[in-house]
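What follows is a predicted protein model with its sequence.
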Amino acid sequence: MSAITELSELSGEYVLDTARTRIGFVARHAVGPQVRGHFEEFEGSARLDGADPAKSTVRLTIRSESIQSHNKLRDDPVRAKFLDTGNHPDITFASTEVRRVDDTHYKVTGDLTIRGTTKPLTLDVESTGGENDPAGDVTVGFKGSVRIDRRDWGVKANPVDTLFVGSRVTVEFEVAAVRRA
């Protein structure tokens, strides 16, 4: 594998490599440590423009039913009550703006939709590099996080939200994407 150091060499259409991508979250529980989890099913694409990163775009679809914190007693109510997966099977993000901060950092603004509610959101994204793999494919990596208030998207257990889960959730991602031939 050889590293790619020039941004212009990374231009193209990409799809997420789901085997090497992680989309997770961290939430505070009222008693005990933080709760960590991830989503197991998602797909996404990106159009990267190395000459003009502002022309780049990102789309992501997460299957809300695939949430996993490795605790069935917690996951089932989160699916049913918090995410209402029966009525809202997908969580989506579609970028509306990409702004380069420096050589490896970007601000990616877009529309996040959860439970049928769409709100703008800006992600702090860091490029972790690009490479040519032995098969000749170009792979790029990105990581980042964003902190949201789940209530802004209507993510509540019930109308008064009496469960002991904090409203602030940190969404974390580490992404690998492969350029389409």
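Thanks, I have the structure now.

okay, and the helix or strand of this protein with the least pLDDT?
Across the helices and strands of the chain, mean pLDDT, DSSP states H and E gives its lowest value to strand 2-4, namely a mean of 67.

going on from that strand, what's the next piece of helix or strand?
Next helix or strand after strand 2-4 toward the C-terminus (DSSP states H and E): strand 12-16.

Show me where this structure has its strands.
2-4, 12-16, 22-29, 35-39, 42-48, 57-63, 67-68, 90-100, 105-114, 117-132, 138-149, 165-179 (DSSP state E).

So which of the ones you listed is nearest residue 77?
Closest approach to residue 77 among the strands of the chain (CB to CB): strand 165-179, 9.8 Å. (Glycine included, C-beta is placed from N, CA and C.)

Residue 132 touches residue 179, doesn't it?
No: applying CB atoms under 8 Å as the test, residue 132 and residue 179 come out as separate, 9.8 Å apart.

Neighbour count for these two, which is higher?
Under the criterion of other CB atoms under 10 Å, the comparison of residue 132 against residue 179 puts residue 179 first, with 18 against 15.

Touching, the more buried one and residue 13? I think so.
Yes: between residue 179 and residue 13 there is a contact under CB under 8 Å: 6.8 Å.

Could you find the closest non-adjacent residue to residue 169?
Distances taken as CB to CB, 6 or more residues apart in numbering put residue 27 closest to residue 169, at 4.8 Å, once the chain neighbours are dropped.

The one you found against residue 74, yeah?
No: in this structure, residue 27 is not within contact of residue 74 by CB under 8 Å, at 10.2 Å.

ok, the residue lying closest to residue 93 once chain neighbours are set aside - how many residues close by?
Nearest residue to residue 93, sequence neighbours excluded (CB to CB, 6+ apart): residue 60, at 4.4 Å. Look at residue 60: counted by other CB under 10 Å, it has 22 neighbours.

Please name the bridge partners of residue 60.
residue 44, residue 93 (DSSP bridges).

show me what contacts it?
16, 23, 42-44, 92-94 (CB atoms under 8 Å, 6 or more residues apart in numbering).

do you know how far the residue nearest to residue 78 when sequence neighbours are not counted is from residue 8?
Spatial nearest neighbour of residue 78, chain neighbours left out: residue 67 (5.9 Å); criterion: CB to CB, 6+ apart. Distance, residue 67 to residue 8, by CB to CB, to the nearest Å: 38 Å.

of these two, who's got more company?
Legend: neighbour count by other CB under 10 Å for residue 67 and residue 8, higher for residue 67 (21 against 10).

Quick check, that one in contact with residue 77.
No: judged on CB under 8 Å, residue 67 makes no contact with residue 77 at a distance of 10.9 Å.

what's near enough to touch residue 99?
Taking CB under 8 Å, 6+ apart, one finds 53-54, 106-109 in contact with residue 99.
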